[in-house]
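>>> Quick one, fold the following:
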Amino acid sequence: MRNILTQTLSVCATVGVITFMTGCETTDHGSVQASAQPTPAATTASVAAPAPATTPAAPAPAATKPGIIRIKAGSSAPFKDSSGNVWLAEQGFDGGDVAERDTSTAIANTKDAGLYLSEHYSMSSFTITVPNGKYIAKLHFAETFDGVTGAGERVFSFNVQGHDFKDFDVFVKAGGSNRAYIETVPVEVTNGKFTITFTSNVENPEINAIELDPQP
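Numbering: from 1, shown residues only. Here you go, the predicted structure:
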């Protein structure tokens, strides 16, 4: 009896152990999944936006020297001299009148007699707009009026951009009638206007051409 009870307890203990071990197994093999890994956040490489194309700055334009201004007084049309220079028809005079001489008239001291065969006379002033700066002004004269035959018969004064010329006698300066004479005057323009004023003394002031050459 005692042996039978001992065997019975041994069998039960064995069965209990087996039952315990069987209950520890995982039976849902098909439902086991690997731990879900977090999806890495999409990364966008930091790409700098391309710099906008730049056009190189244009160089500052070089200062342009104005050309020589040449005006033939008393002329209604341009005049080309023996060097190919073009003289503009007259402009810029205030008051007075114009006169033209016979084209066959000879003028000494010049290769361009035609430049002195027209004139503006009895004017009060001459003005032209020009860039500020330094210039060499050349005033061209010739006594071609047959009513003037000697010194003192035409005398006038003029002011060239602040430079005074008193008691100017073309006949005396040129050395007689029909002879070219050029008065050269360095001037500076500061208000955008080149001006000559004329004042009569004996007879009327006159002039044949004006040249304005800009300096560096």
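>>> Tell me which stretches of this protein form helices.
2-23, 170-174 (DSSP state H).
>>> Show me the strands in this protein, by range?
69-72, 79-80, 86-89, 93-94, 97-100, 118-121, 125-129, 133-141, 155-160, 163-168, 181-189, 193-202, 206-207, 209-214 (DSSP state E).
>>> that older thread, which of the helices of the chain has the lowest mean pLDDT?
Note on the helices of the chain: helix 2-23 shows the lowest mean pLDDT, a mean of 37.
>>> Stretch 109-129: which residues count as buried?
110, 112-123, 125-126, 128 (16 or more other CB atoms under 10 Å). Any C-beta I mention is one placed from the backbone N, CA and C, and that applies to glycine too.
>>> Which members of those are the farthest-apart pair?
Greatest spacing in the buried residues of stretch 109-129, by CB to CB: Ala113 and Ser125 (27.2 Å).
>>> what about the nearest residue to Pro186 once chain neighbours are set aside, neighbour count?
Closest residue to Pro186 apart from its sequence neighbours, by CB to CB, 6 or more residues apart in numbering: Ile136 at 5.8 Å. For Ile136, the number of neighbouring residues by other CB atoms under 10 Å comes to 14.
>>> what residues are up against Ile136?
184-187, 212-213, 215 (CB atoms under 8 Å, 6 or more residues apart in numbering).
>>> again, only using 7 Å
Residues counted as contacts of Ile136 (CB atoms under 7 Å, 6 or more residues apart in numbering) are 184, 186, 213, 215.
>>> what pairs with it across the strands?
Judged by DSSP bridges, the bridge partners of Ile136 are Pro186, Asp213.
>>> Around Ile196, how many other residues sit close by?
Ile196, neighbours per other CB under 10 Å, totals 24.
>>> any low-confidence regions in this protein?
1-66 (pLDDT under 70).
>>> My understanding was that Tyr116 contacts Ala142; is that so?
Yes - contact criterion CB atoms under 7 Å: Tyr116 and Ala142 qualify, at 3.9 Å.
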